[in-house]
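Asker: I'll drop the sequence and a predicted model, then ask my questions.
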Amino acid sequence: MPQIVEVFADGGETKPDKEDVSLRSRLAKRRTHYNGGVMKIALVGDLHFIAPDVSARKRRQRRRHFAEAWPSFARVESIVRHESPDLVVSVGDIVDWYSDESRDFALERLDALKPPWLLTPGNHDFAPGGEDGEPRTALVGPEEIRKRWEARGVALGNRSVEADGVRLLLVDSPDSSVPEGTAAWLRKETEGSARNILITHVPLNVPEMADYILSVEPQRDLRKYVQSGAPRLFEEAVRGRVEAVFSGHLHFPGKVSADGTDMYLLPLSVRAVGKTYKGQGGLCILDTKKQAGDMVRMLH
Ligand SMILES: [Fe+2]
């Protein structure tokens, strides 16, 4: 039975027999049910989970629209059960802000989906914890937060996943930029691979995407809502190499095309409470056996 192999930009790869604190072991323990031929992937949009027992009560109350949204994730669970994908990929913001409680709560929800799952982290996954008004000096910083995700087996960095002739490129972009060396890594990864799909939290910086975002919500600051810190990534390493790009971050759905690459925005995959986000509760099923254009289904 073929298996999904995950290769890390830092040189490692999935090691099914080796116990280590990374997704390598998480993925290996969940050997995918894969019958060959069809690689079906469920792509999940922003979730913004907040643990019911999180210690920051005032902050939780202020973010009630997300704090009370988690039961609606049952809809995603039932779609995933029905569709039975080989793999689930989250485009990030699985928590509203980082706390150990919300991290564990989010992992429980995602682990309850049967297939193995992977993450490209979002800005909220690194947002410091703490109560409203708490001095920032008392809070853990992004480096410590990164370690705490990794301590629970969640990989965050640039990785590629090879499955049945299709390469998934998972790009780390929570701060609207990408790690140094990402363009060179993408060029190398796409070299010998005919079909490539890129997944990342913040949309790539292309005029078509910027225009679309502003056409839906003109007040959006493009320094934050496209990869302003990697302004030429598309020209340098994606154009002509990648057939589709999937992102979250905006909390509304959409699709644009840039020089032959389809770029999708995923909506929230939970339904907020007392607040409405366009397309909320949706997710995307990607059938890589089909060619670009036919391979994507948005479900609500
Ligand atoms: Fe988000």
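Answerer: Sure, I can see it.
Asker: Enumerate every residue touching the closest residue to Arg187 other than its chain neighbours.
Answerer: Counting by CB to CB, 6 or more residues apart in numbering, Arg187 lies nearest to Ala237, which is 5.0 Å off, once chain neighbours are set aside. Where you see a C-beta, it was placed from the backbone N, CA and C, and this is true even at glycine. Applying CB atoms under 8 Å, 6 or more residues apart in numbering to Ala237 gives the contacts Thr182, Ala183, Ala184, Leu186, Arg187, Thr190.
Asker: With Val54 instead?
Answerer: Each residue near Val54 by CB under 8 Å, 6+ apart is listed here: Arg60, Ser99, Glu101, Ser102.
Asker: Stretch 232-249 close to the ion?
Answerer: No: Stretch 232-249 is not in contact with the ion by CB under 5 Å from the ion; minimum separation 5.7 Å.
Asker: and that stretch, average pLDDT?
Answerer: Mean pLDDT, stretch 232-249: 97.
Asker: Centre of the chain to it, how far?
Answerer: 15 Å (CA atoms, centre = their mean, to the nearest Å).
Asker: Okay, buried residues for that stretch please.
Answerer: Buried residues in stretch 232-249, counted by 16 or more other CB atoms under 10 Å: 233-234, 237-238, 241-249.
Asker: just checking, the residue nearest to Arg187 is part of a strand?
Answerer: No: under DSSP: H, G, I helix; E, B strand; the rest coil, Ala237 sits outside any strand and is assigned helix.
Asker: What's the separation between it and Leu198?
Answerer: Ala237 is 9 Å from Leu198, where distance means CB to CB, to the nearest Å.
Asker: what's the overlap in contacts for the two?
Answerer: Leu186.
Asker: How about the spatially most central residue of the chain: what's its closest non-neighbour residue?
Answerer: Nearest to the centroid of the C-alpha atoms of the chain, with distances taken as CA atoms, centre = their mean, sits Val91, at 1.5 Å. Spatial nearest neighbour of Val91, chain neighbours left out: Gly248 (3.7 Å); criterion: CB to CB, 6+ apart.
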